[in-house]
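Peer 1: coords please:
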Amino acid sequence: MPIVQQGSINTTALVVPDLYVQIVPPQQTLLNGVPTNVVGVVGTAEWGPVGVPVICSNMADYATAFGQIIARKFDMGTQVATAVQQGANNFRCVRVTDGTDTKATVEDNPTTPDITFSAKYTGSLGNQITVSLATGSKASTWKAVVGIPGYQPEVFDNISGTGNAFWVALANAINNGTGALRGPSQIITAAANAGTAAPTAATYALAAGTDGAATITAAVLVGTDVTPRAGMYCLRSQGCSIGVLADADDSTQWSVQAAFGLAEGIYMILTGPAGDTIANAVTVKGTAGIDSYAAKLMFGDWLYWYDQVNAQIRLVSPQGIAAGRLANLSPEQSSLNKQLFAVIGSQKAGVVGSGQAHTYSAAELQTLFQAGIDVITNPAPGGQYWAVRLGHNTSSNEGTAGDNYTRLTNYIAATEAAGMGIYVGKVVNTTLFQNIRATELAFLNGMLQQGMLGSTDGTLPFSVVCDITNNPQTRTALGYVQADVTVQYQAINEKFIVNMQGGQTVVVPQSAGLQTPGLA
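Peer 2: Modelled structure (predicted):
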């Protein structure tokens, strides 16, 4: 009894009498939406790989990969920390340097070195690494203990040998591990030199590690799109839905970020320089020529935030806060009027409790909003809290200007791209049309059931056409199949008008069924 997969035999050319069982796969493929909470962050750090996207979900992950937050401009950890406080928990972090970064190193004997210890990564955190040599657990052996703040000490035990052979064995243990339970060091590397001295108990402190952050610019954060990629371009194909180049306030680099966001389906969060004026911001945006739903420009009214790691109040760009809040929202939502956390002031309003209390006038907000520039303010329409005040991207098209348009469009497009490719290579017939349409409708119905889609009159807010009406034989004969998907998004209530009429001469209409119980 042959058991075969459907399509693996020609069922119109069988000769041998027998029972043939064909395994038929499910005919309807289901689409599972792609994540919309992944934030790509590019910036400087005191440790970690350069130009490599690293997955982090919280500040503990970040500290392990890149060290602590540094109180300086372009710091990646600052953006991650402010985003985490808004509820974001899924990051792709890319460290950049200006090319002057160095690894911390130390030699056991500067005169005739037997071994050189080097930090695994460049950065100033490497200057806190120590390597201690002590008597090993077994007789006539030594052990090396590698330590760095925030990491579990690494112990390489029972290293034996005499003369140069010992230093070679020690270097091999550190670089390759000593067994299944003690793998290679994740903190340092070692290189045996020509020295032949006998080991002695000692502790060696690594030094001269630098971050390469002294001459960082927005252009460095943008990076290059050639192999190996650098900066922003390391976020390609990483599944990011939101992108932040830490403190990249240079307007000459905005358009390239918008173009990258458009190509990758990433909502790029831009910022103006700290202490900017409204008039200058409007002029600069116009000069930069960004008018795209792929980018959100935050006004250069930077925010005061308490840095718990460095125990100080710092002025930080609004990027991480806005990005973190968006990441913690379903894609059909807007950042407008959503409460933000950990903000203790702004340049315009001052630090909470300072006595300064400048707010934006309606005219100021109108000027910013007409130019497609968003801002974080307090109060918000909903009360005395910090919130994004507009919820728009930089597009001048009212139909595409909302946060919800960018995020929902990118979400649907990315989900289609991730799942619909299964139909390429299939035979074109009525069954294929039906299966494509069923897959699309199942996905859109799921969004409808979850409240991501809807309509004000209860009608179905989407349609899918995939049949002979849009796939004539003249096209399918050439290998083309087309599905026309139309989706109506839900609007965001931005201008809420309440008409209140009151007075002693007002006549209140008494509509049937609307009387207050007991008063009818």
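
Peer 1: which residues touch the closest residue to residue 240 other than its chain neighbours?
Peer 2: Using Cβ to Cβ, 6 or more residues apart in numbering and skipping residues adjacent in sequence, the residue nearest residue 240 is residue 40, 3.6 Å away. Every residue, glycine included, has its C-beta placed from N, CA and C. Taking Cβ atoms under 8 Å, 6 or more residues apart in numbering, we find residue 40 in contact with 53, 91, 92, 93, 94, 235, 238, 240, 242, 243, 244, 266.

Peer 1: make it 6 Å
Peer 2: 92, 235, 240, 243 (Cβ atoms under 6 Å, 6 or more residues apart in numbering).

Peer 1: Where do the helices of the protein begin and end?
Peer 2: In the chain, the helices defined using DSSP state H lie at 59-66, 76-84, 164-176, 218-222, 254-264, 278-288, 319-327, 362-370, 403-419, 430-449, 473-476.

Peer 1: Domain ranges for this structure, per the record?
Peer 2: Domain assignment for the chain by automatic domain parsing gives 39-97+213-404, 103-205, 430-505.

Peer 1: mean confidence score for the last one?
Peer 2: What that stands for is domain 430-505. Average pLDDT, domain 430-505: 97.

Peer 1: Can you measure across that domain, start residue to end residue?
Peer 2: Using Cα to Cα, to the nearest Å, one end of domain 430-505 lies 68 Å from the other.

Peer 1: likewise the first one?
Peer 2: The first residue of domain 39-97+213-404 is 16 Å away from its last residue (Cα to Cα).

Peer 1: Distance from the chain centre to it, please.
Peer 2: Distance, stretch centre to chain centre, for domain 39-97+213-404: 11 Å (Cα atoms, centre = their mean, to the nearest Å).

Peer 1: which residues pair with residue 270 across the strands?
Peer 2: Per DSSP bridges, the residues bridged to residue 270 are residue 297.

Peer 1: Kindly state the neighbouring-residue count (a burial measure) for it.
Peer 2: 32 (other Cβ atoms under 10 Å).

Peer 1: so it makes contact with residue 256?
Peer 2: No: if you go by Cβ atoms under 6 Å, residue 270 and residue 256 don't touch, sitting 10.9 Å apart.

Peer 1: What distance do you get for residue 48 to residue 97?
Peer 2: Per Cβ to Cβ, to the nearest Å, residue 48 is found 10 Å from residue 97.

Peer 1: how close does residue 176 get to residue 168?
Peer 2: From residue 176 to residue 168 the distance is 12 Å (Cβ to Cβ).

Peer 1: which of these two has more neighbours?
Peer 2: residue 168 (17 against 10).

Peer 1: Quick one: residues contacting the nearest residue to that one once chain neighbours are set aside.
Peer 2: Using Cβ to Cβ, 6+ apart and skipping residues adjacent in sequence, the residue nearest residue 168 is residue 192, 4.4 Å away. Residue 192 is in contact with 115, 167, 168, 171, counting by Cβ under 6 Å, 6+ apart.

Peer 1: Max pairwise distance over those residues: which two?
Peer 2: The most widely separated members of those, counting by Cβ to Cβ, are 115 and 168 (8.9 Å).

Peer 1: want to try JSON lines for the contacts of residue 192, with distance to residue 2 as columns?
Peer 2: Converted to JSON lines, the contacts of residue 192 look like this (distance: Cβ to Cβ, whole Å):
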{"residue": "115", "distance to residue 2": "66"}
{"residue": "167", "distance to residue 2": "65"}
{"residue": "168", "distance to residue 2": "61"}
{"residue": "171", "distance to residue 2": "60"}
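
Peer 1: Nearest to residue 124, out of these: which one, please.
Peer 2: So of those, ranked by how close each gets to residue 124 (Cβ to Cβ), first place is residue 115, at 22.8 Å.

Peer 1: Does that closest one touch residue 169 like I think?
Peer 2: No: between residue 115 and residue 169 there is no contact under Cβ under 6 Å: 10.4 Å.

Peer 1: more crowded one of those two?
Peer 2: residue 115 (26 against 19).

Peer 1: From residue 434, how far out is the more buried one?
Peer 2: Taken as Cβ to Cβ, the span from residue 115 to residue 434 is 69 Å.

Peer 1: Same check on residue 443?
Peer 2: In terms of Cβ to Cβ, residue 443 sits 15 Å off from residue 434.

Peer 1: go on, residue 85?
Peer 2: Taking Cβ to Cβ, one finds residue 85 at 48 Å from residue 434.

Peer 1: The two: who's more crowded?
Peer 2: residue 85 (19 against 14).

Peer 1: Show the contacting residues for the more buried one.
Peer 2: 341, 342.

Peer 1: Tell me what residue 192 is bridged to.
Peer 2: Bridge pairing for residue 192 - DSSP bridges - gives residue 115.

Peer 1: could we number from 36 for the rest of this?
Peer 2: With 36 as the first residue, the last one maps to residue 227.

Peer 1: so how far is residue 202 from it?
Peer 2: As judged by Cβ to Cβ, residue 227 and residue 202 stand 4 Å apart.

Peer 1: what's the overlap in contacts for those two?
Peer 2: residue 150.

Peer 1: Residue 140 contacts residue 150, correct?
Peer 2: No: at 10.9 Å, residue 140 does not count as touching residue 150 under the criterion of Cβ under 6 Å.

Peer 1: how close does the residue nearest to residue 275 get to residue 309?
Peer 2: Distance, residue 75 to residue 309, using Cβ to Cβ: 23 Å.

Peer 1: Then residue 191?
Peer 2: Taken as Cβ to Cβ, the span from residue 191 to residue 309 is 47 Å.

Peer 1: So for the two, which residue has more residues nearby?
Peer 2: Neighbours per residue, other Cβ under 10 Å: of residue 191 and residue 309, the larger number sits with residue 191, 23 against 16.

Peer 1: Pull the number of nearby residues for residue 330.
Peer 2: 26.

Peer 1: Now do the contacts for it.
Peer 2: So residue 330 contacts 293, 296, 303, 305, 429 (Cβ under 6 Å, 6+ apart).

Peer 1: I'd like these as JSON lines, with pLDDT appended.
Peer 2: Converted to JSON lines, these look like this (pLDDT from 0 to 100):
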{"residue": "293", "pLDDT": "98"}
{"residue": "296", "pLDDT": "98"}
{"residue": "303", "pLDDT": "98"}
{"residue": "305", "pLDDT": "98"}
{"residue": "429", "pLDDT": "98"}
